[in-house]
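In: Give me the fold of what follows.
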Amino acid sequence: MVGLSGGAHLYAAGLPPAQEIVRDMSTMPTAAPTSADACLSIVHSLMCHRQGGESEGFSKRAIESLVKKLKEKRDELDSLITAITTNGAHPSKCVTIQRTLDGRLQVAGRKGFPHVIYARIWRWPDLHKNELKHVKYCQFAFDLKCDSVCVNPYHYERVVSPGIGSMDIDGNEIGTIQHHPSMGGYGGMAMHQQVPEPPQMGSM
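Out: All right, here's what the predicted structure looks like:
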């Protein structure tokens, strides 16, 4: 009887850790593939994170093409998987493909700039080609004209075209800050908004 009661205590004491393990397993990126997995598994996982801006067929062809090109560059493929499956929550390296002669990539009979194609698939479904600028730590950004082009969608920021409205310009600055959530972005955002206001008030 003592053994049973002792066992009961053991089971009771073991319940909270067991619950935590289940909770941790649900949040851990263990379901995310690695570069060692089959291309189909990687493509399937990355397809789950697309934003719906492109058709399923086009997105699948574009992602398959990218994964196959990165299969020999395991570290870059892992960087892509990490960036996409965590929504850019962790810093990631450049993910590069060879630059073509005209700078465009052909997928399923369509041509487009590679960094725009993948940013549209995974981040901004309504993105226009002139709305991207690279972050300062991206070494192979499209605009740098290197032989290789970085297509990591989290190495680019969206820039709203001028003339749409002042609210869109403010939104652009917020978009610039959101890549560094741990660096006091809200304080920086407040400064961005306050600096241009005095000249505007003075001009009126």
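
In: so Asp78 sits in a strand?
Out: No: applying DSSP: H, G, I helix; E, B strand; the rest coil, one finds Asp78 to be helix, outside a strand.

In: right, and it touches Ser35 too?
Out: Yes: if you go by C-beta atoms under 8 Å, Asp78 and Ser35 touch, sitting 4.9 Å apart. Using the backbone N, CA and C atoms, a C-beta is placed for each residue, glycine as well.

In: where does the protein dip in pLDDT?
Out: Low-confidence segments of the chain (pLDDT under 70): 1-31, 161-204.

In: Go again with 90.
Out: For the chain, the stretches flagged by pLDDT under 90 are 1-40, 50-56, 90-91, 102-104, 106-110, 128-130, 160-204.

In: Tell me which stretches of it form helices.
Out: Assigned by DSSP state H, the helices in the chain fall at 2-27, 39-47, 56-70, 74-85, 114-122, 166-177, 185-194, 197-203.

In: The third one: which residues count as buried?
Out: Along helix 56-70, the positions that meet the burial threshold by neighbour count (16 or more other C-beta atoms under 10 Å) are Phe58, Ser59, Lys60, Arg61, Ala62, Ile63, Glu64, Ser65, Leu66, Val67, Lys69, Leu70.

In: Name the nearest residue to the fifth one, sequence neighbours excluded.
Out: Just to be clear, that refers to Ala62. The shortest distance from Ala62 to any non-neighbouring residue, by C-beta to C-beta, 6 or more residues apart in numbering, is to Val107 (4.6 Å).

In: How much space separates the one you found from Ser92?
Out: 22 Å (C-beta to C-beta, to the nearest Å).

In: can you check Cys48 too?
Out: 18 Å.

In: Neighbour count for the two, which is higher?
Out: More crowded of Cys48 and Ser92, by other C-beta atoms under 10 Å: Ser92, with 20 against 10.

In: Check the gap between the more buried one and Arg61 for me.
Out: Look at Ser92 and Arg61: by C-beta to C-beta, they are 23 Å apart.
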